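Novice: model the following, please.
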Amino acid sequence: MEFNELRYVLTVAKHKNVSKAAEELGIAQSSLSKYIHSLEKHYGAKFFKYINKSFRPTHAGTIYLQAAQKMLQYVERLPKEAMQSEIDSERKVLRIFCPMFKSIYIMPNIVPQFKKRYPEVTLIVKESTSNSAEAMLLEKVVDIAVTNFKPKSKGINCEPLFSEEIQLVVSKQNPLVHEGVWRPETETLWIDIQLFRHESFILPAPEQMTRRVIDNFFKQEKIAPNVLMETKNIESAFLVAANGAGVTFIPEYFTHSTSYLQTPITFSVGDKKLEMKCMIAYRNDYDFPPEAKYVIDLIRQLMA
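Specialist: I've put the predicted structure just below:
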């Protein structure tokens, strides 16, 4: 069955006149008449009878017209519904990339608020090292990415999100904690990293951005660290240092958002504040739904 067939029969029934129907359809009256006759022959039933100079549907014609009306409405509505369904499908899931080090203190704070605002949206968080973010965006594994790396691809936009200080974490039992001093440019006690040159260090894994920042800092300070442990787990590094097995470096917001029985002391280090910049990245063609904008605002408020 062709959709033109439905329109032809419905238009004749609408005008009760073949000439007017042909004019609306933009075809010759003779062509329309032949088409209706051919259709009636195909179905083996008369669709119209000519009464008082007008075409009136027969019983068979009435049945056909009812079915044709429903089918045509469905067909005309289908593309819009399919498009809306596709949009809704995309917006029912928000996929976010977040570095493992940051996810542990960002997500617990923003997810409850997000779910109150958008209970119908599933939040999927992909956790890995920041250098995975670009590939995940380009392959459409995630929609937006919290990342410490500035993507190189021209197909990805990037906006500043926040900066956070990388602080030295030292057990309260370490005698060097008394060497900390206040400086006007820092919000925590400052300590000379040279005092710890012979300490054992718990460091992030080499592929993590935090590790790169720390390695550059060690190079500037001309320190070859004694690495006791490497880990991708920020909580593990924090607790090992808190229990006095060594010292580590942790982003400041982690220490602000966690509470443990063994709480270490954090220090600012270096001549300049040791910081790591964080960005929000997304594909150029990503059409931001409101829930994506909202989650970014939540992160900015949390880290402000």
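Novice: compute the first-to-last residue distance for stretch 147-167.
Specialist: One end of stretch 147-167 to the other measures 19 Å (C-alpha to C-alpha, to the nearest Å).
Novice: how far off centre is it?
Specialist: From the chain centre to the centre of stretch 147-167 is a distance of 15 Å (C-alpha atoms, centre = their mean, to the nearest Å).
Novice: could you list the buried residues of it?
Specialist: 147-149, 151, 156-158, 161-162, 164-167 (16 or more other C-beta atoms under 10 Å). (Each C-beta comes from the backbone N, C-alpha and C, glycine too.)
Novice: equivalent analysis for stretch 47-65, please.
Specialist: Buried-residue list, stretch 47-65, by 16+ other C-beta under 10 Å: 47-48, 55, 57, 61, 64-65.
Novice: convert the C-alpha atoms of that stretch to CSV, please.
Specialist: Provided in CSV are the C-alpha atoms of stretch 47-65 (Å, rounded to 0.1, in the frame of the first residue of the first chain):
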residue,chain,number,x,y,z
PHE,A,47,-15.7,2.9,-2.2
PHE,A,48,-18.0,5.7,-3.5
LYS,A,49,-21.4,6.1,-5.0
TYR,A,50,-22.5,9.1,-6.9
ILE,A,51,-25.6,10.7,-5.3
ASN,A,52,-27.0,14.2,-6.1
LYS,A,53,-23.8,15.2,-7.9
SER,A,54,-21.5,14.3,-5.0
PHE,A,55,-19.4,11.2,-4.1
ARG,A,56,-20.6,9.5,-0.9
PRO,A,57,-18.7,6.6,0.7
THR,A,58,-20.3,3.2,0.6
HIS,A,59,-20.2,0.8,3.6
ALA,A,60,-16.9,-0.6,2.3
GLY,A,61,-15.6,2.9,1.6
THR,A,62,-16.5,4.0,5.2
ILE,A,63,-14.5,1.1,6.6
TYR,A,64,-11.5,1.9,4.3
LEU,A,65,-11.7,5.6,5.2
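Novice: neighbouring contacts of it?
Specialist: Applying C-beta atoms under 8 Å, 6 or more residues apart in numbering, the contact partners of stretch 47-65 are 9-10, 12-13, 16-18, 36, 39-40, 43, 45-46.
Novice: what of stretch 229-237?
Specialist: Counting by C-beta under 8 Å, 6+ apart, 100-101, 104, 129, 169, 202-206, 208, 240, 246, 248, 250-251, 254, 258 sit against stretch 229-237.
Novice: and the buried residues of stretch 47-65 as JSON lines, adding pLDDT, distance to M136 and secondary structure?
Specialist: Below are the buried residues of stretch 47-65 laid out as JSON lines (pLDDT from 0 to 100; distance: C-beta to C-beta, whole Å; DSSP: H, G, I helix; E, B strand; the rest coil):
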{"residue": "F47", "pLDDT": "87", "distance to M136": "58", "secondary structure": "coil"}
{"residue": "F48", "pLDDT": "88", "distance to M136": "61", "secondary structure": "strand"}
{"residue": "F55", "pLDDT": "89", "distance to M136": "62", "secondary structure": "strand"}
{"residue": "P57", "pLDDT": "89", "distance to M136": "59", "secondary structure": "strand"}
{"residue": "G61", "pLDDT": "84", "distance to M136": "59", "secondary structure": "helix"}
{"residue": "Y64", "pLDDT": "85", "distance to M136": "54", "secondary structure": "helix"}
{"residue": "L65", "pLDDT": "86", "distance to M136": "53", "secondary structure": "helix"}
